[in-house]
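*Asks:* Need coordinates for the following:
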Amino acid sequence: MFSGFHSMAPSDAELATHALSEEGSFRFPSFSASDAVTLGLSLRKRFRGTSRYVKGKGLVISIQTIAGHTLFACTVGDLGHTNGIGDVSLDSWSCIEGMVSVVRRTGHSSFYVEKGMSAMGKTPKQMGIQGELCVNGGAFPIWLENALCCPIAVVACYSGSSQDDHNLVVSTIRDYLNKLARENGPPPPTMPASMTTQHESKVSPLMYLIFRHHS
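*Replies:* As a prediction, the model looks like this:
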């Protein structure tokens, strides 16, 4: 009778598996600079509507091509605001660039890499993630439906909360794709169901392959 009060939080392996499923599910028919601006402004609007923003949290947003060209960049909040609202730290942009670099290196969301490593009991150093790379949730790859070789872009935001930042990015991408589907009709399936299953609570073998030479 106490089950409602003692619900278990998902494990890191389950979170990693779900993040991998999101990557397989949320794919774009095309992606332009206009899409990047729309997504960026949606991220900004959504964050400004959260209790975290009301309480003084700040956010930085960056959308880049996989080659590193900036499509959208924005700061929500100010470090030196007189009322303290928007605590964007001086190293926020360094953190978000490090998160984007993780996506470029692995092809996966920084949240998936973070939770996958944790589930394996590995540290970033053990997995060869050092230097300017930053393992913190909030950077998500933009894949095209008909291009499976690599992501085309990266959408990232950083406020200091790994799961909140990941959820903000994923929910914004999901809703934008749903809007496109309503306007253009649903896209065809992009991946076999076996590659996007949400029922396995384990870390994908891809996590082992990404950094296998560092294990």
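*Asks:* Show me which helix or strand of this protein is least confident by mean pLDDT.
*Replies:* helix 205-210 (a mean of 51; mean pLDDT, DSSP states H and E).
*Asks:* What's the separation between D91 and S101?
*Replies:* 15 Å (CB to CB, to the nearest Å). Backbone N, C-alpha and C define where each C-beta goes, glycine included.
*Asks:* the more surrounded of those two?
*Replies:* S101 (19 against 11; other CB atoms under 10 Å).
*Asks:* Which residue, neighbours along the chain excluded, lies closest to that one?
*Replies:* Among residues not flanking S101 along the chain, L133 sits closest, at 5.1 Å (CB to CB, 6 or more residues apart in numbering).
*Asks:* Would you check how far apart the one you found and E114 are?
*Replies:* 11 Å.
*Asks:* Tell me how far L168 lies from P29.
*Replies:* 23 Å.
*Asks:* higher neighbour count, these two?
*Replies:* L168 (24 against 14).
*Asks:* What helices and strands are in contact with the helix or strand where the more buried one lies?
*Replies:* According to DSSP states H and E, L168 maps onto helix 162-184. Judged by 3 or more CB pairs under 8 Å, 6 or more residues apart in numbering; DSSP states H and E, helix 162-184 is in contact with helix 12-25, strand 27-28, helix 33-48, helix 110-120, strand 139-144, strand 153-158.
*Asks:* how big is the angle separating the first one from strand 139-144?
*Replies:* Using axes from the mean of the first three to the mean of the last three CA atoms, to 10 degrees, one finds that helix 12-25 and strand 139-144 are set 30 degrees apart in direction.
*Asks:* so what does helix 12-25 touch, helix or strand wise?
*Replies:* Taking 3+ CB pairs under 8 Å, 6+ apart as the contact cut, helix 12-25 packs with helix 110-120, strand 139-144, helix 162-184.
*Asks:* What mean pLDDT does that helix get?
*Replies:* Averaging pLDDT along helix 12-25 yields 92.
*Asks:* what's the angle between it and helix 162-184?
*Replies:* 20 degrees.
*Asks:* Check the last one too.
*Replies:* Here strand 153-158 points in a direction 140 degrees away from that of helix 162-184 (the same axes, to 10 degrees).
*Asks:* other SSEs contacting strand 153-158?
*Replies:* helix 33-48, strand 59-65, helix 92-106, strand 139-144, helix 162-184.
*Asks:* cutoff 6 Å now
*Replies:* strand 59-65, helix 92-106, strand 139-144, helix 162-184 (3 or more CB pairs under 6 Å, 6 or more residues apart in numbering; DSSP states H and E).
*Asks:* ok, now the fourth one?
*Replies:* When contacts are defined as 3+ CB pairs under 6 Å, 6+ apart, helix 110-120 packs onto helix 12-25, helix 92-106.
*Asks:* now the angle from it to strand 139-144?
*Replies:* Using the same axes, to 10 degrees: helix 110-120 against strand 139-144 is 120 degrees.
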